[in-house]
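J.: Sequence and predicted structure, then a few things I'm wondering about:
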Amino acid sequence: MTSLLEHIEDVLAELRRIRVDPRFPREEDGFPGLIDAGDKGSILVSQAIEQSISKISDILLQNDKGAARQFSNTEWRNLVRRSLGKPLAEVDLHDPSAANRVRMAVRNAIGRTRDGHGFREYAVGCTLFENVDIEPINIGPVQIEPRLRWLSRMAAEDKIDKIIERRVRRKWAGKKLPKRKNAIDQIREKDILQIVGTCPFVCSVSTNGLPPESGKQKALIAGRMALAVISLEWAKPSAALDGFRLQVDQNLRRFKVLTFEPGKVTLAGFKLSHLPMGYRFEPGEWDQGAEKRAPIFDIVGEVLQYVVHETGAVPRPAISNVLMQAILWFHEACREAVDAMAVVKFVSTLDGLAGGNGEQEIRKLLSARIGWKADDQILKNQSLTLKQAVNRVYGEGRSRIVHGVSYSLSHDLSEMRNLAEMLARCALIGCLQWAKDNPTSDEPSKFYA
C-alpha cells in the first residue's frame, strides 16, 4: 500500500513536471484547478494532483479516528486540500526532505483548524403541540421552545439585535414590514422567517468542536431524535410524531389519488399526513409532568450529547452508542410510509438493544426490561404470547422481508406494524429506565441480561 509520504512525493513530482511543461495543461491533465496558498497566491494543479490529494486525505482520515467523527468527508477533503496549499507553495520542490516537511506542515495546519471550531447553535422551526404556552423542553444539547420565547432569548444573548427581534415579532403578528436599508440585516430577517416558517416552536441544538456542515447534520439528527423520545409519552408514538416535525422535513401533505371504475363516477377524496401540529393539552398539563419525565430526558440528553460530541469521549460511550442507534431506528420506523419497511425498522430497534443477537435475545430483552415471560399472553385481543409476538415481527416479518423470502408484502401488514411498534416502544423505554437506574454502568449487554 502506498504510504502518505509517497503520495506527497507524487504531488511534488507532478508539480515539478508542471513547472517545466510548456504544454500544460494537456488533455490528459484534465481541467486545471487552483489551491489557495494564502499570501503565496495560489497553485495550479492537474487532475493527477487532485487524485493524490484524495488519497492523502483518505490516509489521514484512516489514521485519525476522531476526524472521521468530527468531519464530513467533503469537509475533511477540503481541509486537507487547503492545508496543502501554503506548504506546497513554500517548499523547495527539489529538496530531498520536502515531502516530510510538507507532511508536518499539513498536520500542523489541520490541527490549528480543528482547534478553531468552537461553540455553535443551530436552530430550525418545528411543530410540536397545539399549545404554545409551555416551558422549554431541554434534552441534553437540544432545546425546544415556543418561537416568541426563542426570539427573546436570541436577542437577550446578542445573537440578533433588538431591531430584528422587533421586526420579526411584527411579521409573526401578521403585519407588513418596510424593507431594511442594510442588506445583511434584511437577509438575516428573511432567514429567520423562512427557517422558522409558520412553526409555533423552534428546535435549537448546541455543538462544540464541530465544523459547520458536520455540526448542522448532527444537530438535525439530534433534533429528530429528541422529537422521537418526546413521542414515547404516547402509546402510539408514530401517531404523535405525525404532528412533531422539523421545518426542514416535509410539511403537511394531502394525499389524493384519482380512481376510475367502469360505469362509475368516483371522487378522489383525500387523506392528511404530516400534520401541522401535535396534540393539545389543558393549560399547564404538559408542564405538570416535567418532574416525572426529567430522569428519562436526562438519560436521552447523554445520548444526544454523544451524537453531537466531537470525539465521542463521553462517560458512557457504549450504552450511548446503542441507545443512539435504537432511537434513530425508532424515529425512522415511525416516519416510514410502507408498513413492511416500518416492521423492519422497529425490529431493528429491538435487535440493536438486544445486541444484534436475534429472536431469542429479543425475548430475553423484553423479559428483562418489561417482566414478560415467553408464554405470557401480552396482547389479549390477539391472543399472542411473548414468544409468538417476537416470532411474528422478527421471523415472519423482519427476517423474511430483509432476505427477500416474504410472501406477505402484498398483504395488509398494519397489525404487524402496530405490534412491532408496541414492542419497540416498551423495550426502548425499559432500556432508558435501566440506564437511569444504573448511572455507572456502560455495558449494554445488561439490557438483556
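T.: Structure received. On a predicted model such as this, the values are computed, not experimentally measured, just so you know.
J.: In this structure Ser52 contacts Leu12, no?
T.: No - counting by C-beta atoms under 8 Å, Ser52 does not reach Leu12; the two are 9.6 Å apart. Yep, even glycine has a C-beta here, placed from its N, CA and C like the rest.
J.: if you count what's nearby, which of the two comes out ahead?
T.: A count of neighbours by other C-beta atoms under 10 Å puts Ser52 above the other of Ser52 and Leu12, at 23 against 20.
J.: where's Ala219, which helix or strand?
T.: Element membership for Ala219 (DSSP states H and E) is helix 212-231.
J.: Can you name the element that comes right after that helix?
T.: Counting by DSSP H and E, what follows helix 212-231 is helix 237-241.
J.: got the contact list for that following helix?
T.: For helix 237-241, the surrounding residues in contact (C-beta atoms under 8 Å, 6 or more residues apart in numbering) are 227-228, 230-231, 233-234, 278-279, 330-331, 333-335, 342, 421, 425.
J.: How about Glu332: what's its closest non-neighbour residue?
T.: Lys345 (5.2 Å; C-beta to C-beta, 6 or more residues apart in numbering).
J.: you'd agree that neighbour is up against Ala337?
T.: No - using C-beta under 8 Å, Lys345 is not in contact with Ala337; the gap is 11.6 Å.
J.: Please pick the buried ones from the contacts of helix 237-241.
T.: 227-228, 230-231, 278, 330-331, 333-335, 342, 421, 425 (16 or more other C-beta atoms under 10 Å).
J.: ok, the residues you listed vs Gly174, which is closest?
T.: Gly278 (23.4 Å; C-beta to C-beta).
J.: Surely Ser204 forms part of a helix?
T.: No - counting by DSSP: H, G, I helix; E, B strand; the rest coil, Ser204 is not part of a helix but strand.
J.: got the residue ranges for the helices in the stretch 101-250 of the chain?
T.: Taking DSSP state H, counting those that start in this stretch as the test, the helices found in the stretch 101-250 of the chain are 147-156, 162-172, 183-196, 212-231, 237-241.
J.: Backbone dihedrals for Ala235, both of them.
T.: With angles defined as degrees, to the nearest 10, Ala235 sits at phi -60, psi -30.
J.: for it, what are its contacts?
T.: Met422, Arg425.
J.: how much space between it and Arg363?
T.: In this view, Ala235 and Arg363 are 22 Å apart by C-beta to C-beta, to the nearest Å.
J.: Likewise for Leu84?
T.: On the measure of C-beta to C-beta, Leu84 and Arg363 end up 55 Å apart.
J.: Please apply the same query to Gly30.
T.: In terms of C-beta to C-beta, Gly30 sits 58 Å off from Arg363.
J.: more neighbours, these two?
T.: Using other C-beta under 10 Å, the more surrounded residue of Gly30 and Arg363 is Arg363, with 22 against 15.
J.: residues touching that one, list them.
T.: Ala374, Leu386, Lys387, Val390.
J.: Next, work out how far apart the residue of the chain positioned farthest from its centre and Val257 are.
T.: Here the chain reaches farthest from its C-alpha mean at Gly263, the gap being 50.4 Å by C-alpha atoms, centre = their mean. Going from Gly263 to Val257 by C-beta to C-beta gives 20 Å.
J.: Likewise for Arg180?
T.: 45 Å.
J.: between those two, which one's more packed in?
T.: The neighbour comparison of Arg180 against Val257 (other C-beta under 10 Å) goes to Arg180, with 16 against 8.
J.: For the nearest residue to the more buried one once chain neighbours are set aside, the count of nearby residues, please.
T.: The shortest distance from Arg180 to any non-neighbouring residue, by C-beta to C-beta, 6+ apart, is to Gln186 (4.1 Å). A count of neighbours around Gln186, defined by other C-beta under 10 Å, yields 15.
J.: hang on, Gln186 packs against Leu177?
T.: No - look at Gln186 against Leu177 with C-beta under 8 Å: they stay out of range, at 9.7 Å.
J.: Gly243 and Thr127 touch, don't they?
T.: Yes - assessed by C-beta under 8 Å, Gly243 is found in contact with Thr127 at 6.0 Å.
J.: Between the two, which is the more surrounded one?
T.: Applying other C-beta under 10 Å to Gly243 and Thr127 shows that Thr127 carries more neighbours, namely 26 against 20.
J.: Surely the more buried one and Gly197 touch.
T.: No - the criterion here is C-beta under 8 Å, and Thr127 misses it with Gly197 at 9.7 Å.
J.: Now do the end-to-end distance for stretch 109-127.
T.: Distance across stretch 109-127, first residue to last, is 42 Å (C-alpha to C-alpha, to the nearest Å).
J.: Flag every buried residue along that stretch.
T.: Ala109, Ile110, Arg114, His117, Arg120, Tyr122, Ala123, Val124, Gly125, Cys126, Thr127.
J.: For that stretch, what does the pLDDT average out to?
T.: On average, the pLDDT along stretch 109-127 is 92.
J.: Could you do stretch 404-411 as well?
T.: Computed over stretch 404-411, the mean pLDDT rounds to 83.
J.: residues in contact with it?
T.: Here stretch 404-411 has contacts from Ala340, Glu396, Gly397, Arg400, Ile401, using C-beta under 8 Å, 6+ apart.
J.: a markdown table please, covering those and showing neighbour count.
T.: Putting those into a markdown table (neighbours: other C-beta atoms under 10 Å) gives the following:
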| residue | neighbour count |
| --- | --- |
| Ala340 | 19 |
| Glu396 | 15 |
| Gly397 | 26 |
| Arg400 | 16 |
| Ile401 | 18 |
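J.: Can you say which two of the residues you listed are spatially most distant?
T.: By the measure C-beta to C-beta, Ala340 and Glu396 form the most distant pair in the contacts of stretch 404-411, at 11.3 Å.
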